[in-house]
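**Student:** can't give you the sequence, but here's the structure:
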């Protein structure tokens, strides 16, 4: 086990482990939906979805590294690439302005995945906006720290308790 409290990568790991269970389950679900795009590379939606992971990951890792753990500001990493993706998805479901309109009858499995993607992104972005609101309101603690635990935002991490 890594015990060096100055190791930011370890701190990020401890911060992840301290998250509430429902948040971890949600993030696993979200990533399963996003990475499932690899099965549908015949359509630009899947290609754009996978491409959107690059800036999302980069922004999130940079913020988490800077703060030495997970903070509510991380939501910005989803807003930047996924708002345009969600708009594109909506246009594909409702019109043929940016590509063939999505219909269940053409490709049922792809249609279901695209619907799951749309709903998952929508929920994620709502949660992210709420987290950002809370960040700008002053909830700037790192998950796993004593401050996060006292705010009932996460479990207490022994490794981060002194922060």
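**Tutor:** Cool, got the structure. Every value quoted in this text rests on a predicted model; they were computed, and no experiment measured them. Numbering: from 1, shown residues only.
**Student:** lowest average confidence, helix or strand, in the protein?
**Tutor:** The helix or strand with the lowest mean pLDDT-type score in the chain, counting by mean pLDDT, DSSP states H and E, is helix 146-150 (a mean of 90).
**Student:** how much space separates residue 143 from residue 58?
**Tutor:** 20 Å (C-beta to C-beta, to the nearest Å). In short, each C-beta sits where N, CA and C put it, glycine included.
**Student:** looking only at neighbour counts, state which of those two leads.
**Tutor:** Looking at residue 143 and residue 58 with other C-beta atoms under 10 Å, you find the greater number of neighbours at residue 143, namely 29 against 13.
**Student:** from residue 136, how far out is that one?
**Tutor:** Between residue 143 and residue 136 the computed distance is 17 Å (C-beta to C-beta).
**Student:** for residue 54, which non-adjacent residue is spatially closest?
**Tutor:** Leaving aside its chain neighbours, residue 54 sits nearest to residue 81 (8.0 Å; criterion: C-beta to C-beta, 6 or more residues apart in numbering).
**Student:** tell me the mean pLDDT over the helix or strand the one you found falls within?
**Tutor:** Here residue 81 sits within helix 76-94, counting by DSSP states H and E. Per-residue pLDDT values over helix 76-94 give a mean of 97.
**Student:** which elements pack onto that helix?
**Tutor:** With contacts taken as 3 or more C-beta pairs under 8 Å, 6 or more residues apart in numbering; DSSP states H and E, helix 76-94 sits against helix 44-67, helix 108-137.
**Student:** nearest to residue 160, of the ones you listed?
**Tutor:** Nearest to residue 160 among the helices and strands packed on helix 76-94 is helix 44-67 (11.3 Å), distances taken as C-beta to C-beta.
**Student:** measure how buried residue 11 is and give me the count.
**Tutor:** By other C-beta under 10 Å, the burial measure for residue 11, its neighbour count, is 26.
**Student:** do the same with residue 99
**Tutor:** Each residue near residue 99 was counted by other C-beta under 10 Å, and the total is 13.
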